[in-house]
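Peer 1: Sequence unavailable; structure follows:
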């Protein structure tokens, strides 16, 4: 059997006395949608920050296509083919949507600053080529109406899509989506689900996402990992994980034991 | 109101969006070309000074307005450029060699001054650059054998292809050409990947990083380019003033420079020029109205800094995009007349206020 596409091996991270992530391991196959769920503070975003190299893990390693990326600096990650979105949207507010997407294509620049300062014909050609690639993403995500708007003036739902688009502009192999549906209404969540399906099926991009909306999770995910307090609770298909006793316990609490009075009688 | 129908990507890349723009810039260019034949030699010197400060403003705008890095030591770069030029000119180095060297040396100093930017942000960076600026001012004052120390240094006039660019129209055209070139370089950088990386750093360092922007490289580059602009401007400044002393490049000068870009409008190329015009024209305007003021006001010391400060406070409170913002609103008002709404620019404004010094 060949090495898995992506592998997190026993990653841990500690903030002071708090073990935010404690020995989490999982593998993701190529073309899969892999979802991490868990209550607040479970360590989901921390796992993302380790994978995108914003945090250094205190133990464990992260492997992409057989290459250990645990020591790679954060700005090299995009070049290796990992792109991400942020839970609280980290767009470039005072730039237009188009400029945001072009920054997403930054790793594909072919020109050097000296040629750019003189704006040689080669720079102009490179810019047009970059723009053509970005326009493909604009078409895919229906962003044409917002193309020249400032991000600062866009509604929340549109910003979420712009952020997804910016991540796609890096032309990633692995896409990390941090709560893609948070703050979106039902219709926008529906669109997001379609896009995630398109991204995996048509563009062949592997997706790891953190998500709370179980409808979206069940619909798009191939496998789900449930976490609580930095540890893995369960892993498997969406239905399996939702039924798993440890997951139910983490979300709702332990079932009534023999020593406890059932609720009906207490009232 | 004008609607531009875009059919090619080049239309977004080109310098001019439509013929009207090209026309008005051409008119402006012609007026500036004709100015020496019309205005007095005093006004001409002031215009040259505006060109020189525009170059500084372009550089500082790139750093503060587009990369979001505060520099309170910018006068030091101006000083490094001015003194390098003066020393080289005295040694007989031709102008076309000494100016690039002045810019280059200022850029090297800029890289050193920019080192703290890799670690600290906002006000702390401001304090660090302020300290560096003071140190450089002090070094210039102490390095008497080279700089003449506090006694000052006389600068010989520019000799270019056997022509003497001492003052008047010749120097004016030279300064104009340099300002034009600096503006073009700034525009070119900003419409290409490097400029977008700067903007990315300004708006969100964490996602800039995730998009593959190497923060250390680009912050250093921004400091270097910005300092190089100031260095070249300093070289012209040296020839325009013709006498250099360390007290021309104090912390107060640095603060005036940062005020120039804030009042002009952070994050706009036009704003840089407006700021430079404001910085040069305000003292003149104050002098012009002084005779009409009551004695206790016109005789008061520190009238100019007070007015500067007042304008800065008012701009930050009411027009965060500075003179450029005011112009933008006026233009939009007439563009959309009678459909302009009061709150059209509000969202951006609310955001800018809280995020100013992040």
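Peer 2: Cool, the structure landed. On a predicted model such as this, the values are computed, not experimentally measured, just so you know. Residues are numbered from 1 along each chain as shown, chains lettered A, B, ... in the order given.

Peer 1: which SS state does residue A:226 fall under?
Peer 2: strand (DSSP: H, G, I helix; E, B strand; the rest coil).

Peer 1: Quick check: it touching residue A:248?
Peer 2: No: if you go by CB atoms under 8 Å, residue A:226 and residue A:248 don't touch, sitting 9.9 Å apart. Where you see a C-beta, it was placed from the backbone N, CA and C, and this is true even at glycine.

Peer 1: more neighbours, those two?
Peer 2: The residue with more neighbours, out of residue A:226 and residue A:248, is residue A:226; 26 against 16, by other CB atoms under 10 Å in any protein chain shown.

Peer 1: quick one: the more buried one from residue A:51, how far?
Peer 2: 18 Å (CB to CB, to the nearest Å).

Peer 1: and if you look at residue A:211?
Peer 2: 16 Å.

Peer 1: Next, give phi and psi for residue B:94.
Peer 2: phi -60, psi 150 (degrees, to the nearest 10).

Peer 1: just checking, it touches residue B:161?
Peer 2: No: the pair residue B:94 / residue B:161 is not scored as a contact, 9.3 Å apart, by CB under 8 Å.

Peer 1: Tell me which of those two has more neighbours.
Peer 2: residue B:94 (13 against 8).

Peer 1: which ones are touching that one?
Peer 2: B:159, B:160 (CB atoms under 8 Å, 6 or more residues apart in numbering or on different chains).

Peer 1: Any regions of the stretch 151-267 of chain A where pLDDT drops low?
Peer 2: A:255-267 (pLDDT under 70).

Peer 1: one more time with 50
Peer 2: For the stretch 151-267 of chain A, the stretches flagged by pLDDT under 50 are A:265-267.

Peer 1: Next to chain B, which bits of it? Give me the list.
Peer 2: A:152, A:153, A:166, A:170 (CB under 8 Å from any CB of the partner chain).

Peer 1: Burial check on the second one, number of neighbours?
Peer 2: Read that as residue A:153. For residue A:153, using other CB under 10 Å, the count is 16.

Peer 1: Equivalent analysis for the third one, please.
Peer 2: Other residues within reach of residue A:166 by the criterion other CB under 10 Å amount to 29.

Peer 1: what's the answer for the last one, then?
Peer 2: Residue A:170: 24 surrounding residues under other CB under 10 Å.

Peer 1: Now it. Nearest residue, chain neighbours left out?
Peer 2: Excluding its sequence neighbours, the residue lying closest to residue A:170 (CB to CB, 6 or more residues apart in numbering or on different chains) is residue A:83, at 4.3 Å.

Peer 1: For the one you found, which residues count as its bridge partners?
Peer 2: Applying DSSP bridges to residue A:83 gives these bridge partners: residue A:175.

Peer 1: Distance from stretch A:41-48 to the middle of the chain?
Peer 2: Counting by CA atoms, centre = their mean, to the nearest Å, stretch A:41-48 is centred 11 Å from the centre of its parent chain.

Peer 1: ditto for stretch B:129-141
Peer 2: That offset, for stretch B:129-141, works out to 20 Å (CA atoms, centre = their mean).

Peer 1: List the buried residues for it?
Peer 2: B:129, B:130, B:132, B:133, B:134, B:136, B:137, B:139, B:140, B:141 (16 or more other CB atoms under 10 Å in any protein chain shown).

Peer 1: Got phi/psi on the third one?
Peer 2: Per-residue torsions, residue B:132: phi -60, psi -40 (degrees, to the nearest 10).

Peer 1: Could you verify my assumption that it touches residue B:113?
Peer 2: Yes: taking contacts as CB under 8 Å, residue B:132 lies within contact range of residue B:113: 4.4 Å.

Peer 1: which neighbours do these two share?
Peer 2: By CB under 8 Å, 6+ apart, the residues touching both residue B:132 and residue B:113 are B:73, B:76.

Peer 1: ranges for the helices of the stretch 251-358 of chain B?
Peer 2: All helices of the stretch 251-358 of chain B, identified by DSSP state H, counting those that start in this stretch, fall at B:251-265, B:269-289, B:295-298, B:303-318, B:322-336, B:346-355.

Peer 1: same thing with the stretch 151-267 of chain A?
Peer 2: Listed in chain order, the helices of the stretch 151-267 of chain A (DSSP H, counting those that start in this stretch) span A:156-169, A:186-201, A:214-220, A:238-243, A:245-252, A:263-266.

Peer 1: Can you give me the buried ones in the fourth one?
Peer 2: In this case it means helix A:238-243. A:238, A:241, A:242.

Peer 1: mind listing what's buried in the longest helix seen in chain A?
Peer 2: Across chain A, the longest stretch assigned as helix under DSSP state H is helix A:121-141. Buried residues in helix A:121-141, defined by neighbour count with 16+ other CB under 10 Å: A:123-124, A:126-127, A:130-131, A:133-135, A:137-138, A:140-141.

Peer 1: Then stretch B:271-286?
Peer 2: Buried, per 16+ other CB under 10 Å, within stretch B:271-286: B:271, B:272, B:273, B:274, B:275, B:276, B:277, B:278, B:279, B:280, B:282.

Peer 1: swap in stretch A:218-231?
Peer 2: A:219, A:220, A:221, A:223, A:224, A:225, A:226, A:227, A:228, A:229, A:230, A:231.

Peer 1: ditto for stretch B:242-252
Peer 2: B:244, B:245, B:246, B:248, B:249, B:250, B:251.

Peer 1: I'd like the next helix or strand past the helix or strand hosting residue B:145.
Peer 2: Using DSSP states H and E, residue B:145 sits within helix B:144-147. For helix B:144-147, the succeeding helix or strand toward the C-terminus, using DSSP H and E, is strand B:153-154.

Peer 1: what comes into contact with that following strand?
Peer 2: B:83, B:86, B:87, B:90, B:147, B:242, B:243, B:244, B:245.

Peer 1: go on, stretch A:77-89?
Peer 2: A:45, A:48, A:51-53, A:64, A:67, A:69, A:72, A:104, A:106-107, A:156, A:159-160, A:163-164, A:166-168, A:170-180, A:182, A:210, B:206-207, B:210-212.

Peer 1: tell me, which helix in chain B spans the most residues?
Peer 2: Max-length helix for chain B by DSSP H is helix B:215-241.

Peer 1: May I see the buried residues of that helix?
Peer 2: Of the residues in helix B:215-241, those buried (16+ other CB under 10 Å) are B:215, B:218-241.

Peer 1: elements contacting it?
Peer 2: If you count contacts as 3 or more CB pairs under 8 Å, 6 or more residues apart in numbering or on different chains; DSSP states H and E, helix B:215-241 packs onto helix B:41-60, helix B:74-90, helix B:95-114, helix B:168-190, helix B:193-203, helix B:205-210.

Peer 1: Distance to residue B:186 added to the residues of the stretch 151-267 of chain A next to chain B, as TSV?
Peer 2: Listed next are those as TSV, based on distance: CB to CB, whole Å:
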residue	distance to residue B:186
A:152	23
A:153	25
A:166	25
A:170	27
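
Peer 1: Please identify which pair of these lies farthest apart.
Peer 2: Using CB to CB, the two most remote members of these are A:153 and A:170, lying 24.5 Å apart.

Peer 1: Many thanks, I have nothing further to ask.
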